[in-house]
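A.B. asks: After the sequence you'll find the predicted model.
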Amino acid sequence: MSGRILASTVKRIVTQLRHDRRTLALMLVVPVLLLALLYYMFQGETRPPGAPSTFDRIGLIMLGVFPFVIMFLVTSIAMLRERTTGTLERLLTTPLGKLDLLFGYGIAFGLMAAVQAAVAGGVAYWLLGLTTAGSSGLVIVIAIANAVLGVALGLFCSAFARTEFQAVQFLPVVVIPQILLCGLFVARDAMAGWLQAISNVMPMTYAVEALQEVGAHADPSGQMWRDLGIVVGCVLVALVLAAATLRRRSA
Amino acid sequence: METAIEVKDLVIVRGKQEVLHGFTAQIPRGSVTGLLGPSGSGKTTLMRAIVGVQIVKSGTVTVLGEPAGSAGLRRRIGYLTQAPSVYADLTVRENARYFASLYGLGADDADRAVRDVGLAQAATQLVGTLSGGQRSRASLACALIGGPEVLVLDEPTVGQDPVLRDELWAHFHHLAARGSTLLISSHVMDEAARCERLLLIREGYLIADDTPAGVRASADTHDLDEAFLRLIRAQQPEGVR
């Protein structure tokens, strides 16, 4: 890996995004609109006195889920484009290292995710009245980590897709089971043992658990740091696996 | 003459088809060598093997004394893929500067390459808005940056205006005069005459490896198109197709 090549690759990817204003706008606006939708869905709910509002519970988790889904999709398409337009083949004949390219995507989209998470978090806290026991800053940090997880998994999965049609199919395969089993719909300890076992090996489970920890405790808990650590670990593993699937030579 | 690229007994299989069947050729340093042959004859596959992105079944490819694809070669080779491989959502200049940065070269080298392919006027335009010919020149600019020691160009002049094509060929010879080795593929015979050496390839076999004059002489005709035809026929015994 080379710092210079990594930096210019990050700059190149950010410049590409900057030229694509509509994608930028969609990335920033879509999570906000979805959160607003969620807010109005639960606005009229009746709940026993003292019980936390459903928006506080679900809105918090969605702050982590939306960036993950969006970044997964955007990255797998971006990487597939590198493959189909021949830029990847060309890059692999240059001094660029595979990790320069993959970390380049991770960092560039991570920066984008930071902006996205800050905007979505700002709207959720200030306009939609989201309340958490812990700090909003930590929520945003976890959301960014989760977005970068989406980037890393997207890079890895794009290696198994030859066409855009195939690439978008990975969304239901990779993303939806993680959303179903992360503890949002059914508490994890209420699930059958084998479902819990699957849930245990899915990285998003830990991102959601970390968010729930921030929602429940005023101070960052050890559990939360452990969960965040696992998410970051999964990001690194996915990036290294993605590098392993990136072959300089092809048939 | 010193050899820049040496291909020995190269066998390559793509899909279920054997594309090259024990291909052997040498390309002298500081020359412009044309790789001529019809579409599907194995030109692109040979070029991919030389730049080190092709899985090889057997045989060797040596570039500047090192095995093709070795890490040290990556900063000494420029490669133009047949389809333009530049980022459509970047400007011409941004593309060139990005590829320059990978070689540790600066904005000056990038901008010079953009001028060399006649795109100075369009430098700030997004590649996605360019015409097909301009787009392939943008791609060519990214391969020429810094004048690498070996340039492998897959059909660099297809679809270009004749005046521009003339200028590009003059530039290729200028690079060779400065010591670069150029391997340029084409399926247009009128470009063959501009090369110092020709490799004629058909269905994965080398039909001729000579100077244009030598090819003409051995086929006993002035027309290179006709010469290619005669050389193919000479290799096929009567009645066998």
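C.D. replies: Cool, the structure landed. Numbers count the residues shown, from 1 in each chain, chains lettered A, B, ... in the order given.
A.B. asks: Please see if stretch B:66-74 touches chain A.
C.D. replies: Yes: using CB under 8 Å from any CB of the partner chain, stretch B:66-74 reaches chain A at B:G69, B:A71, B:R74. Where C-beta positions appear, they are placed from N, C-alpha and C, glycine not excepted.
A.B. asks: next one: stretch B:151-158
C.D. replies: No: figure legend: stretch B:151-158 not in contact with chain A (CB under 8 Å from any CB); closest approach 8.6 Å.
A.B. asks: Show the end-to-end separation of that stretch, please.
C.D. replies: End-to-end distance of stretch B:151-158 (CA to CA, to the nearest Å): 17 Å.
A.B. asks: Outside of that stretch itself, list whatever touches it.
C.D. replies: Residues from elsewhere that reach stretch B:151-158, judged by CB atoms under 8 Å, 6 or more residues apart in numbering or on different chains: B:43-44, B:47, B:50-51, B:77-82, B:136, B:140, B:143-144, B:165, B:168-169, B:172, B:175, B:180-188, B:191.
A.B. asks: For the closest residue to chain A within chain B, list the residues it contacts.
C.D. replies: Closest contact between chain B and chain A, by CB to the nearest CB, is at B:S85 (3.4 Å). Counting by CB under 8 Å, 6+ apart, B:S85 makes contact with A:T85, A:G86, A:T87, A:E89, A:R90, B:S139.
A.B. asks: Among those residues, which one has the most neighbours?
C.D. replies: The most crowded member of the contacts of B:S85, judged by other CB atoms under 10 Å in any protein chain shown, is B:S139 (27 neighbours).
A.B. asks: From B:P156, how far out is that residue?
C.D. replies: 9 Å (CB to CB, to the nearest Å).
A.B. asks: which residues do the two both contact?
C.D. replies: With CB under 8 Å, 6+ apart, B:S139 and B:P156 have common neighbours B:L80.
A.B. asks: one step back: okay, and which of the contacts of B:S85 map to helices?
C.D. replies: A:T87, A:E89, A:R90, B:S139 (DSSP state H).
A.B. asks: Does anything pack onto the strand or helix carrying A:G154? Which helices or strands?
C.D. replies: Counting by DSSP states H and E, the element that carries A:G154 is helix A:136-158. Identification of packing neighbours for helix A:136-158 by 3 or more CB pairs under 8 Å, 6 or more residues apart in numbering or on different chains; DSSP states H and E yields helix A:54-84, helix A:98-122, helix A:164-170, helix A:203-216, helix A:222-245.
A.B. asks: among the contacts of stretch B:151-158, which are in reach of chain A?
C.D. replies: Okay, of the contacts of stretch B:151-158 touching chain A (CB under 8 Å from any CB), that's B:V51, B:I77, B:Y79, B:T81.
A.B. asks: coming back round to it: now the helix holding A:G154 - C-alpha only, CSV.
C.D. replies: In CSV, the C-alpha atoms belonging to helix A:136-158 read as follows (Å, rounded to 0.1, in the frame of the first residue of the first chain):
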residue,chain,number,x,y,z
SER,A,136,-25.8,11.6,19.9
GLY,A,137,-22.2,11.8,18.8
LEU,A,138,-21.7,8.1,19.6
VAL,A,139,-24.8,7.2,17.6
ILE,A,140,-23.3,9.0,14.6
VAL,A,141,-20.0,7.2,15.0
ILE,A,142,-21.7,3.9,15.1
ALA,A,143,-23.8,4.8,12.0
ILE,A,144,-20.6,5.7,10.1
ALA,A,145,-19.0,2.4,11.2
ASN,A,146,-22.0,0.6,9.9
ALA,A,147,-21.9,2.6,6.6
VAL,A,148,-18.3,1.6,6.1
LEU,A,149,-19.3,-2.0,6.9
GLY,A,150,-21.8,-1.7,4.0
VAL,A,151,-19.0,-0.4,1.8
ALA,A,152,-16.7,-3.2,2.7
LEU,A,153,-19.3,-5.9,2.2
GLY,A,154,-20.3,-4.3,-1.1
LEU,A,155,-16.7,-4.4,-2.4
PHE,A,156,-16.4,-8.0,-1.4
CYS,A,157,-19.8,-9.1,-2.9
SER,A,158,-19.2,-7.3,-6.2
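A.B. asks: what's the model's confidence in that helix, averaged?
C.D. replies: For helix A:136-158, the mean pLDDT works out to 93.
A.B. asks: Using TSV, please lay out the helices and strands packed on helix A:136-158 together with mean pLDDT and distance to chain B.
C.D. replies: What follows is the helices and strands packed on helix A:136-158, written out as TSV (pLDDT from 0 to 100; distance: least, CB to the nearest CB, whole Å):
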stretch	mean pLDDT	distance to chain B
helix A:54-84	91	9
helix A:98-122	93	9
helix A:164-170	89	15
helix A:203-216	94	30
helix A:222-245	94	15
